[in-house]
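S.K.: Have a look at this prediction, sequence included:
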Amino acid sequence: MKNALVIVLALLSIALSTVSLAAYFSAANQTLELISHGRILFALLGAILLLATLPLKNKKAIILAAMAFLLNAAAIAPLYLPAAKESPASNADDLHRIRLMQFNLWGGRNKKYVAVVQTIIQTNPDVIGFSEITPVWLIALKAGLANYPYMIADTTGGGIAIFSRIPLESKEIRYYSDLKRPRALAKIKLAGGHCTLIFAHPFIPFKHTAMRNEEFAIYAKEALEASKSGPVVLAGDLNCSPWSSDFSKLLNDSHLVDSEQGFGPQPSWSTHQKITIFPIDHCLVSKDIVTLKRYIGEEIGSDHLPVVVDLAMRTNK
């Protein structure tokens with residue numbers, strides 16, 4: 001019986017290691033790209049296999065289980081390392097601090113209008129980005145968030161909106177392709193300059209990886225252009241995890257940094273599971289911005305959890 005259990009656990013470890021190793025080659029095809037998002041799940045399974053194998057005291061089985069765990073831990077661990085940053089200012093008084101909240105409302109399936117408004121008021125963000133916003137949600141948020149008079153919204157094509165209590169120098173809705181997938185661009189007015197916020201929600205990659213990546217390329221170009229005049233933030237449900245080669249390309253092409261860097265992965269999807277394991281809601285920042293704090297909020301009716309980031313920046317270039 002013991003030998004049979006050792007064999008079963010060893011085979012499971014080999015299978016998990018194979019999948020985990022394949023995920024490192026996510027640039028090869030769409031299937032591997034989708035697999036790459038499962039790092040946290042694979043690490044948890046690897047840990048379970050290792051804990052189950054240790055009492056059996058079979059060296060080969062333990063090594064196989066350890067390998068299955070470490071292949072994923074090695075991918076996750078770098079997110080706990082501090083981000084390489086340009087110092088935004090030597091004097092704390094020179095810094096502009098902004099709290100940004102971003103939340104995929106889950107459209108018409110989320111009816112917790114009061115709870116969402118109350119959570120926002122308690123969280124006290126300066127700027128909020130919403131995706132999957134419907135006409136009904138827009139009415140509810142306008143009524144409940146009177147302290148956020150500066151806004152831009154489009155409830156078509158998936159729905160996108162920015163609410164701000166800080167004046168916006170400019171605001172614009174832009175669209176991807178003839179499908180009219182909206183994204184919002186706004187310049188948040190700060191003393192001595194502004195910060196550009198690009199808030200987006202690209203297509204899901206299950207059938208539309210190429211379109212999502214085309215959107216990524218557009219975001220990168222817009223971020224690079226905006227960075228010439230001040231700090232830049234790209235936020236939203238980007239339908240991609242930090243372990244995807246496509247996500248790495250977005251960071252590289254845009255010259256932005258993942259705000260998770262230094263805080264570890266912060267899974268935001270899906271609340272349908274007992275444990276959220278996919279960090280696909282993001283806040284990417286230019287290198288002249290420091291992420292002071294980043295955390296995931298509580299469940300409030302959506303299949304996504306809200307993301308909150310405290311940022312510090314300077315605006316004088």
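M.R.: Yes, it's here.

S.K.: ok, what's across the strand from the residue nearest in space to the middle of the chain?
M.R.: Centroid check for the chain by Cα atoms, centre = their mean gives residue 282 as the closest residue, at 2.2 Å. Using DSSP bridges, the bridge partners assigned to residue 282 are residue 236.

S.K.: What residues does it make contact with?
M.R.: 234, 235, 236, 237, 238, 240, 258, 259, 260, 307 (Cβ atoms under 8 Å, 6 or more residues apart in numbering). (Each C-beta comes from the backbone N, C-alpha and C, glycine too.)

S.K.: so which of those comes closest to residue 116?
M.R.: residue 307 (14.1 Å; Cβ to Cβ).

S.K.: how close does the closest one get to residue 297?
M.R.: Remark: distance between residue 307 and residue 297 (Cβ to Cβ, to the nearest Å) = 7 Å.

S.K.: what residues are up against residue 36?
M.R.: Residue 36 neighbours (Cβ under 8 Å, 6+ apart): 23, 24, 26, 241, 243, 244, 245.

S.K.: Apply 7 Å and report the result again.
M.R.: For residue 36, the contact set (Cβ atoms under 7 Å, 6 or more residues apart in numbering) comprises 23, 26, 241, 243, 244.

S.K.: ditto for residue 83
M.R.: Contacts for residue 83 were tallied using Cβ under 7 Å, 6+ apart; they are 257, 261, 262.

S.K.: Give me the subset of these that lies in strands.
M.R.: residue 257 (DSSP state E).

S.K.: now the contacts of residue 83 in CSV, with distance to residue 48?
M.R.: CSV is the format used below for the contacts of residue 83 (distance: Cβ to Cβ, whole Å):
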residue, distance to residue 48
257, 33
261, 28
262, 28
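
S.K.: could the contacts of residue 83 be laid out in a markdown table, adding distance to residue 275 and pLDDT?
M.R.: Rendered in a markdown table, the data for the contacts of residue 83 read as follows (distance: Cβ to Cβ, whole Å; pLDDT from 0 to 100):
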| residue | distance to residue 275 | pLDDT |
| --- | --- | --- |
| 257 | 27 | 97 |
| 261 | 22 | 97 |
| 262 | 22 | 97 |
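
S.K.: which of the contacts of residue 83 count as buried?
M.R.: In the contacts of residue 83, burial by neighbour count holds for 257, 261, 262, counting by 16 or more other Cβ atoms under 10 Å.

S.K.: Is residue 256 in contact with residue 288, as I believe?
M.R.: No: here residue 256 lies out of contact with residue 288, judged by Cβ atoms under 7 Å, at a distance of 10.9 Å.

S.K.: Let me know how buried the residue nearest to residue 96 when sequence neighbours are not counted is, in neighbour terms.
M.R.: Leaving aside its sequence neighbours, residue 96 sits nearest to residue 190 (Cβ to Cβ, 6 or more residues apart in numbering; 4.7 Å). By other Cβ atoms under 10 Å, the residues close to residue 190 number 20.
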